[in-house]
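# Pasted the sequence and its predicted model underneath.
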Amino acid sequence: MRMYKPFTALIAALGLTLLTACGTSYGDLCASAVQCQGGNDADVNACVAVAKGTEREAAAYDCSDAYFKRLDCIEKTSTCSKTHFDDNCNSESDALRACENAASGHK
């Protein structure tokens, strides 16, 4: 479970089997993250499960647009540096977080 945690942090305000969004499957994205960080198929499956849950959470807050913008950014900007799977999507993360916070009544 700890193997995909850095990737989960990248999508903490967001979310990710093999449904597609913007051309890349969640499974492919999670596999790339786990390959970067080290792990196995169980880590990929756990990453996909967490991602799908965060996608449903965004939808529940009516923040799917912000979610998919974040996902698109991750797909376009993610890189592997040593064992860190990183992206350059801070503004998309902030927008999603703000959407979910506004929908939940949090500041």
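Sure thing, it's come through.
# residue ranges of the helices in the chain, please?
Assigned by DSSP state H, the chain shows helices spanning 5-10, 26-37, 41-60, 64-77, 90-104.
# Count the neighbours of Gln37 for me.
A count of nearby residues for Gln37, using other CB atoms under 10 Å, gives 20. Bear in mind the C-beta positions are built from the backbone N, C-alpha and C, glycine included.
# switch to numbering from 3
Shifting the count to begin at 3 puts that one at Gln39.
# Out of the helices of the chain, which gets nearest to Thr85?
Of all the helices of the chain, it is helix 28-39 that lies closest to Thr85, at 5.2 Å by CB to CB.
# Now that closest one: buried residues?
Residues of helix 28-39 classed as buried: 28-29, 31-36, 38-39 (neighbour count, 16 or more other CB atoms under 10 Å).
# now it against helix 66-79, angle please.
50 degrees (axes from the mean of the first three to the mean of the last three CA atoms, to 10 degrees).
# was I right about Gly29 contacting Ala48?
No - if you go by CB atoms under 8 Å, Gly29 and Ala48 don't touch, sitting 12.0 Å apart.
# Which residue, neighbours along the chain excluded, lies closest to Thr85?
In space, not counting the residues next to it along the chain, Thr85 is nearest to Gln39; the distance is 5.2 Å by CB to CB, 6 or more residues apart in numbering.
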